[in-house]
Structure formats: C-alpha cells, structure tokens
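[1] fold the following, please.
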Amino acid sequence: MYEIQHGQGKCVPHYTFPRLRKLFRRFDVHREDLVLGLLDGGDRFLDVGCGSGSLVFRAREKYQEAYGVDISEFCIREAEERKRERFGESAPIYFSRCNVGARIEFPDGMFNTVASVAVIEHVFDLYGVVGEIRRVLKRGGIFVIEVPNIAYLRYRIELFFGRLPVTSTPHNWREVGWDGGHLHYFTKKTLCRLLDETGFDVVKVTGGGLFGTIRAVYPSLLTGDLCVKARKR
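    Model prediction:
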C-alpha cells in the first residue's frame, strides 16, 4: 500500500480550508516546521517514517549525524538521490529501509532525538513501535511525535452529524487504504497516556495548521494534528 501511495503519487494531501491556507500562507504552521522547532540538537537524530528525507535534511543543521528509516523502498531511493544531489555521498546522512512494526535496526541508546511524523496511526502494534523508539533513545532523549487529532473541533461536529472525519487523503481510498491507511485515532489524553505507559514524560503538547500559533493555545480542541515533545525516563 505504501509503495502505491508514495511511488505512484496516489496519496493526495488533505488540508482543511485549502484556499484560506493559500491566501494566508505566512500564517500557516506546517507540521515539519513545528517538529523542527521542538528539536534540541545533539549527536544523532532519527526520523522514523522519513519519506523522501525532507525532515532529515533540515534536522541535519542541529545534529552531527541524521538518519531516516521508512518501509517504502521508493522513498528510500528518492531520499538517497536527494542526499547525493544536495549534500554529496560523504555527508553524515543515512537512510535505510525498515519495517518499524517489527524492529528498528539500531543499537540501544544510539540517538539523542527521534521524530515520528504521521506514522504511528498506520502501525498495528502501538506499544511495540513506541517501545522500540524508546529503546534506541539515550536516557533523557527526546521523542517528538505528530498524529491526527480526532478530537479536533471540526471532527467533533462531523461525528455529531454522523459523518466520518477524514484525517488523511479525502480521495481514492480504494487505492491507498481506508482513510489513507490510518488504523488508530488519538486525542491529547490518549496520546499522552500512550507515552506515559511506554516510559516517557510529556514536555510539551502543541499543534499547527492555519493560524497555528493561535490554535496551539488549545491544541486538543483547535488543531487537526497533535504534536508532542516527550522525554525518555
């Protein structure tokens, strides 16, 4: 399914109020910018579900080494090509194919920071994946996670009227999977509980989107996505 989504360009990005976002672009807080603002820097960074490597390349400015893993072979090839074009072969940026639902193939305590953007809603075993992320983090390391927020005000209204909220691509579900392949839905409370039960302390909860700086004052209700910064206990 992920090769269809990425390799064939079938997954269409879903934005609430797309015309407004275009008109007020400078007030639109993109989720990648949101995540970058929560990164502390250090020796090594890992992006779990890196896609074509955009976040990895930008995080490289804060870390000595940057790594990205993804289940899609197409994405890893594309990320490697972009690395060669932008940074050259010798740059300390590394990509590998990995099914994080099974195991993240890195040693214990290797990374200062791990990010996971729009990933864990797709996996079967939430506790297993977050546990693996905790394992590869150093003690006191930072985990930044971003997921769709099913408690977003707009989604609550849609549910009230019996409509299923769309948290991923609004089109071609036959090709890319029901709601873009999302298996899990989160609220601020359930996401923070998952992190607590897997050995993390929540440092900050925020969100982005159009006028994201204002909406992040009450992210559990006003943002379509939740972004949490947590620290490994």
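[2] where does this protein have low pLDDT?
    For the chain, the stretches with pLDDT under 70 are 1-18, 20-21.
[3] mind jotting down where the helices sit in it?
    2-7, 18-23, 31-36, 54-59, 73-86, 126-136, 153-160, 173-176, 188-197, 212-215, 219-222 (DSSP state H).
[4] ok, now which ones touch the closest residue to V119 other than its chain neighbours?
    Spatially, and ignoring its direct neighbours in sequence, V119 is nearest to G49 (3.5 Å; Cβ to Cβ, 6 or more residues apart in numbering). Just so you know, the C-beta spots here come from the backbone N, C-alpha and C atoms, and that holds for glycine as well. When contacts are counted by Cβ atoms under 8 Å, 6 or more residues apart in numbering, G49 touches 69-71, 100, 116-119, 122.
[5] of all the helices of the chain, which lies closest to H182?
    helix 173-176 (10.5 Å; Cβ to Cβ).
[6] for the protein, list the residue farthest from the centre, please.
    Distance from the C-alpha centroid of the chain, by Cα atoms, centre = their mean, peaks at F161 (29.2 Å).
[7] scan this structure for its longest strand.
    Taking DSSP state E as the criterion, the chain has its longest strand at strand 137-148.
[8] phi, psi for the spatially closest residue to E132 that is not a sequence neighbour please.
    Nearest in space to E132, with sequence neighbours left out and distances taken as Cβ to Cβ, 6+ apart, is I104 at 4.6 Å. For I104, the backbone dihedrals (degrees, to the nearest 10) come out as phi -90, psi 120.
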